[in-house]
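Student: Kindly return the folded structure for what I paste below:
(chains A, B and C)
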Amino acid sequence: MDPYEIEFIGENRVVSIIPNFTYEKIYLICGEFGPFRAGLPMNVPLWLAVMLKQKQKCRMVPPDWMDIEVLENIKEEEKRSRFFTKMPNEHYMVEAKLILGNAPEDVPRASEIKTIIKDIWDIRMSKLRTSIDTLMKSGGNYGRLDHLTMMEINSVKPLLPEAMDELYRIEKMTQKTMPTSLNTSTFSQSGSSQNL
Amino acid sequence: MDLTDDIELSEDEEISVETVLKSVQCAWQNERLAPEILPHRNDMIECMLGQIQHMERNINKLPKTDLRACIHKMELSRIKFMICNYLKTRLHKIEKYCIPIIIAERQRIESGANYLTPAEFKYAQEYSLNMESHLKSAVLAKLPGTMETLEMSKLAVYPNLQSHVFLKANTAVKGVVLEEGLGDQDVEIELENGSQHILQYKPIAELVKNGKVLLV
Amino acid sequence: MNNSYLSILDILVTNERVPCRFLHDLPKMGFMDPSAAEDDLKAGATLDVPLWLAENFNSSCRIPLLTVDLPKIYKDAYREILNADACTVDMQKLGQHFYELGCYVAKHDIKGETFRQRFRMLMSASVSSDSIGSIQPLSASERKRAAAAAATERALSGWLQRGDCPLTTANMVANHRKRKRAEMEML
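Tutor: Numbers count the residues shown, from 1 in each chain, chains lettered A, B, ... in the order given. Here you go, the predicted model:
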């Protein structure tokens, strides 16, 4: 999938905003939101938050985890652990990109936060590379990947699944190949039916 | 598309549109990531399209600059994108795996467990016929008599059910049997609720179809 | 890719030449051997013949007309090298279709192991900036895989860098190097 499609999926997450206008409740297909009270925080889907922000109709409220201390802890934990740690949410990168990208002025110490998130991402990506290499070396037919987010999983497609497919195919074919000599016509799998 | 199909379902069960939307999103995601075509969710899609129409009528009553109108339009565009992409993905698979899909679908129709909507099935059959007559008129008709025959079954492209997919378990599932590459011994694994795995599609195909796992 | 009737890859693979030894005199077939002066192809002649043709020589008669010898990449000497360090073998030169052709002609199971060992090269080829150098020793299918992985990598960094707040800065490139070195150390 394209990163933008994953962003699209992540945009359905609910975030908090402070509107600067007052309006009654709005009944969307994905749920009801509001009422909008100027100055009072409320929840809306991320896509709506971005839209309102772009129209200068709200301030964004950074999610709890978008905090230097919380993120430093996550980063340390991520460095320490052999496994992937659980991220604050399944679309942390999408949330970070959209909130920090559209409303850096609404996030205290935005640029430091940006750097830490990027560090965490880099640590996880490098861990991901070593773990898929290990996965391939250790057999390459099954792996468990708890706590990886969709954007991270997508970064190893199609390489990892296709390499696993290829490995499976090679090993299946190797089993089927003739035990001794090659001078029969059976060694062709797909070409033999052509009867040229 | 056929409107008379599955309307009872959405009326009987009184599910909220919000739930329907979530199901459509899962169906879209699974369809995008599964190697084979999945059972259609026409009931959900029709319900959603009905909602969209209803909403659009209401939006038209609002003044153009109304903020609510903008918000609703944005939501509808998002849903329309998803539905279009879902249907296009299915059409793409129908074209690619046309021959095996038609054969399997004929059997499924007999047992009443069809995967394609009537419109999709019609499309598949026409696509196959068009391809056949195109190949015949463009190439085979110009070849000497003995080479003129065409066995459509030889042109069949099959989805690779052995391909590896990523999934997240929506619930605990026991006894998923993995086929060992080297044919030694089959391994049984358990999918804990919320856990994520990469494995072959075939042993978990049913779990995708009954919603116990979500492809990611 | 998977064995469909019109798979171009499969056609290319079966078009690879394999060393064959002819078991019988074949009248009027001397033209197949450019070095032979006679009209007939003699028993014992050795020729490189496309796999599909070798196969048809044998399937069209009641008795086998030739034996197919292993291409050298599948022979013991290379097998030892592949066992020792699969990454050192230049597949572009020696086995453009190493895995695919091997599935037809080579019975031993070293292909899977070779693929596993060389997977690391695919990963580094996919993030590498000096693309030409790093993909050179790869086989055709490996190169395809590395290119697909590089496309994913590009899409992802495109996403990360787009917008008012690029989440990756210029030091991403620097980090790549660091990261790659870190990987190597762990292997």
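Student: Give the full set of residues in contact with B:Leu91.
Tutor: With contact set as CB atoms under 8 Å, 6 or more residues apart in numbering or on different chains, B:Leu91 has these partners: B:Glu120, B:Tyr123. C-betas here are computed from N, CA, C, even on glycine.
Student: Just give the number of residues close to B:Thr89.
Tutor: 17 (other CB atoms under 10 Å in any protein chain shown).
Student: Just the terminal-to-terminal distance for stretch A:30-38.
Tutor: Stretch A:30-38 has an end-to-end distance of 23 Å (CA to CA, to the nearest Å).
Student: in that stretch, what counts as buried?
Tutor: A:Cys30, A:Phe33, A:Gly34, A:Phe36 (16 or more other CB atoms under 10 Å in any protein chain shown).
Student: Per the annotation, how does chain B divide into domains?
Tutor: B:7-159, B:160-216 (automatic domain parsing).
Student: Next, format those as TSV and append distance to C:Thr14.
Tutor: Formatted as TSV, these follow (distance: least, CB to CB, whole Å):
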stretch	distance to C:Thr14
domain B:7-159	16
domain B:160-216	20
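Student: Comparing these, which comes out most buried?
Tutor: domain B:160-216 (a mean of 17; mean count of other CB atoms under 10 Å in any protein chain shown).
Student: and that domain with chain A, contact?
Tutor: Yes - using CB under 8 Å from any CB of the partner chain, domain B:160-216 reaches chain A at B:160, B:162-166, B:178-183, B:187, B:189, B:194-200, B:216.
Student: got a list of what the most centrally placed residue in chain A touches?
Tutor: Taking CA atoms, centre = their mean, the centroid of chain A lies closest to A:Met151, which sits 2.1 Å from it. By CB under 8 Å, 6+ apart, A:Met151 lies in contact with A:Pro3, A:Ile6, A:Gly10, A:His91, A:Met93, A:Val94, C:Leu156.
Student: Please, which helix or strand holds it?
Tutor: Following DSSP states H and E, the helix or strand that holds A:Met151 is helix A:150-154.
Student: gap between that helix and the chain center?
Tutor: Offset of helix A:150-154 from its chain centre (CA atoms, centre = their mean, to the nearest Å): 4 Å.
Student: Please give me every residue in contact with the nearest residue to B:Asn30 once chain neighbours are set aside.
Tutor: In space, B:Asn30 comes closest to B:Leu215 once its chain neighbours are excluded; the distance is 5.1 Å by CB to CB, 6 or more residues apart in numbering or on different chains. By CB under 8 Å, 6+ apart, the contact set of B:Leu215 is B:Gln29, B:Asn30, B:Arg32, B:Leu33, B:Ala34, B:Val165, B:Phe166, B:Leu167, B:Val208.
Student: Are the longest strand belonging to chain A and chain B in contact anywhere?
Tutor: Scanning chain A for the longest strand, with DSSP state E as the assignment, gives strand A:14-19. No - Strand A:14-19 stays clear of chain B (CB under 8 Å from any CB), getting no nearer than 10.2 Å.
Student: Next SSE downstream of that strand?
Tutor: Next along the chain from strand A:14-19, counting by DSSP H and E, comes strand A:26-28.
Student: how about stretch A:45-64: buried residues?
Tutor: A:45-53, A:57-63.
Student: Let's see which of those residues end up in strands.
Tutor: A:Pro45, A:Cys58, A:Arg59, A:Met60, A:Val61.
Student: Surely the last one and A:Val15 touch.
Tutor: Going back to what we said before, that points to A:Val61. Yes - using CB atoms under 8 Å, A:Val61 makes contact with A:Val15 at a distance of 7.3 Å.
Student: Return the member of the ones in strands among the buried residues of stretch A:45-64 nearest to B:Leu129.
Tutor: Proximity of these to B:Leu129 (CB to CB) peaks at A:Pro45, which lies at 44.6 Å.
Student: bridging residues for the closest one?
Tutor: A:Pro45 forms beta bridges with A:Val14, as assigned by DSSP bridges.
Student: Going along the chain, name the strands of the chain.
Tutor: In the absence of a named chain, chain A is used. Going by DSSP E, chain A shows strands at A:14-19, A:26-28, A:31-33, A:42-45, A:58-61, A:143-144.
Student: meant chain C actually
Tutor: Using DSSP E, strands in chain C cover C:17-22, C:46-50, C:66-68.
Student: between these, which gets nearest to A:Ile170?
Tutor: For these, the distance to A:Ile170 is smallest for strand C:17-22, at 18.4 Å, taking CB to CB.
Student: Show me where chain B dips below the pLDDT cut-off.
Tutor: Counting by pLDDT under 70, chain B has low-confidence residues at B:1-13, B:180-184.
Student: Next, the distance between the ends of stretch C:82-94.
Tutor: 12 Å.
Student: for that stretch, which positions count as buried?
Tutor: Result for stretch C:82-94 [16+ other CB under 10 Å]: buried residues C:Leu82, C:Ala86, C:Val89, C:Met91, C:Gln92.
Student: C:Asp33 and C:Leu26: what is the separation?
Tutor: 10 Å (CB to CB, to the nearest Å).
Student: Give the residues shared as contacts by those two.
Tutor: C:Leu41.
Student: the longest helix in chain A is where?
Tutor: Counting residues, the longest helix found in chain A (DSSP state H) is helix A:110-137.
Student: Only the buried residues of it, if you could.
Tutor: Buried-residue list, helix A:110-137, by 16+ other CB under 10 Å: A:110, A:113-114, A:116-133, A:135-136.
Student: Who are the packing partners of that helix?
Tutor: If you count contacts as 3 or more CB pairs under 8 Å, 6 or more residues apart in numbering or on different chains; DSSP states H and E, helix A:110-137 packs onto helix A:68-80, helix A:92-102, strand A:143-144, helix A:150-154, helix A:159-176, helix C:110-127, helix C:171-186.
Student: From the chain's centroid, how far away is it?
Tutor: 12 Å.
Student: I'd say C:Gly112 and A:Tyr168 touch.
Tutor: No - shown here, C:Gly112 and A:Tyr168 do not form a contact pair, counting by CB under 8 Å, at 9.2 Å.
Student: Identify all contacting residues around stretch B:66-83.
Tutor: A:8, A:11, A:21, A:23, A:26, A:28-30, A:47-48, A:51, A:55, A:57, B:21, B:24-25, B:28, B:45, B:48-49, B:52, B:55-56, B:58-59, B:62-63.
Student: what residues are up against A:Pro41?
Tutor: A:Ser16, A:Ile17, A:Ile18, A:Val61.
Student: From A:Pro63, how far out is the second one?
Tutor: Counting by CB to CB, the separation of A:Ile17 from A:Pro63 is 11 Å.
Student: Next: the first one.
Tutor: A:Ser16 sits 7 Å away from A:Pro63, taking CB to CB as the criterion.
Student: what do you get for C:Ser60?
Tutor: Distance, C:Ser60 to A:Pro63, using CB to CB: 71 Å.
Student: again, but for C:Thr67
Tutor: Counting by CB to CB - C:Thr67 and A:Pro63 are separated by 70 Å.
Student: Ok, B:Ser16 next?
Tutor: Remark: distance between B:Ser16 and A:Pro63 (CB to CB) = 26 Å.
Student: Now mean pLDDT too, for the helices and strands packed on helix A:110-137, in JSON lines please.
Tutor: What follows is the helices and strands packed on helix A:110-137, written out as JSON lines (pLDDT from 0 to 100):
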{"stretch": "helix A:68-80", "mean pLDDT": "97"}
{"stretch": "helix A:92-102", "mean pLDDT": "95"}
{"stretch": "strand A:143-144", "mean pLDDT": "94"}
{"stretch": "helix A:150-154", "mean pLDDT": "97"}
{"stretch": "helix A:159-176", "mean pLDDT": "87"}
{"stretch": "helix C:110-127", "mean pLDDT": "86"}
{"stretch": "helix C:171-186", "mean pLDDT": "42"}
